[in-house]
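Peer 1: let's see this in three dimensions:
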Amino acid sequence: MLDEVDKKIILLLQENGRITDVELAKTIGVSHDTAKRRRRKLEEEGYFKIQALIDPRKFGYRSVFLLGIKPVPGTDIRKTAEKLARHRDFVFVALSLGPTHAIIAVCMAQDQLTLNQLTEELRTWNEIAEIDMNIIYEVLKETFHTVPADDLK
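Peer 2: Residues are numbered from 1 along each chain as shown. Have a look, this model is predicted:
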């Protein structure tokens, strides 16, 4: 169970993942050692992880693609998703519930040829029945892993 200090640490880190333990301590009103110990404990317990969000376009990726993948009936969906997750070109793979797809996968491509090669490779997988492709051309909000303050318990 999170107490108020833990919740404040998480909220501050959601706003600025680069905030120092000294700044956390000052803002929350605890000692530097307390802020450091609490942040480290929360991170070790898996409440959050700090990582950089990269802009793929700065590295030559022209487009980001979201694929909706419908498996062949009877296929072990988890095994197919795990196989996709091991593929170097996919940056996000998730199992989903819905009327059309069981796997959602995101990949990046530096050019159309690379994307074509990737989708042609996937079409050879016996466990995939259908692939729907969506081009993500602009991201308007990127708080996928942010939890509202009221939901921190």
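Peer 1: relative to the centre of the chain, find the outermost residue for me.
Peer 2: What lies farthest from the middle of the chain is Ser31; by C-alpha atoms, centre = their mean that is 32.5 Å.
Peer 1: who's in contact with it?
Peer 2: With C-beta atoms under 8 Å, 6 or more residues apart in numbering as the criterion, the residues that contact Ser31 are Ala25. In short, each C-beta sits where N, CA and C put it, glycine included.
Peer 1: so what sits opposite Val64 in the bridge?
Peer 2: With DSSP bridges as the criterion, the beta-bridge partners of Val64 are Met108, Ile136.
Peer 1: which stretches of the protein form strands?
Peer 2: With DSSP state E as the definition, the chain shows strands at residue ranges 63-71, 90-95, 103-109, 128-136.
Peer 1: one step back: now the residue farthest from the centre of the chain: phi and psi?
Peer 2: Listed backbone geometry of Ser31 is phi -70, psi 160, with angles given as degrees, to the nearest 10.
Peer 1: tell me the most buried of the strands of the chain?
Peer 2: Neighbour counts (mean count of other C-beta atoms under 10 Å) averaged over each of the strands of the chain peak at strand 103-109, with a mean of 21.
Peer 1: now Tyr47. Nearest residue, chain neighbours left out?
Peer 2: The shortest distance from Tyr47 to any residue that is not its chain neighbour, by C-beta to C-beta, 6 or more residues apart in numbering, is 6.3 Å, and that residue is Ile10.
Peer 1: next one: the one you found from Glu45, what distance?
Peer 2: Distance of Ile10 to Glu45, computed by C-beta to C-beta, to the nearest Å: 11 Å.
Peer 1: neighbour-wise, which of the two wins?
Peer 2: Regarding Ile10 and Glu45, a neighbour count based on other C-beta atoms under 10 Å identifies Ile10 as having more, with 20 against 9.
Peer 1: sorry, back to before: and of the strands of the chain, who's closest to Asp21?
Peer 2: strand 90-95 (30.1 Å; C-beta to C-beta).
Peer 1: may I have that closest one exported as PDB, CA atoms only?
Peer 2: C-alpha atoms of strand 90-95 as PDB (Å, rounded to 0.1, in the frame of the first residue of the first chain):
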ATOM      1  CA  PHE A  90       8.800  -4.500 -33.300                       C
ATOM      2  CA  VAL A  91       8.900  -2.000 -30.400                       C
ATOM      3  CA  PHE A  92       5.500  -2.800 -28.900                       C
ATOM      4  CA  VAL A  93       3.600  -6.100 -28.800                       C
ATOM      5  CA  ALA A  94       0.400  -6.700 -26.800                       C
ATOM      6  CA  LEU A  95      -2.400  -9.200 -26.600                       C
END
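Peer 1: good, we can wrap up now.
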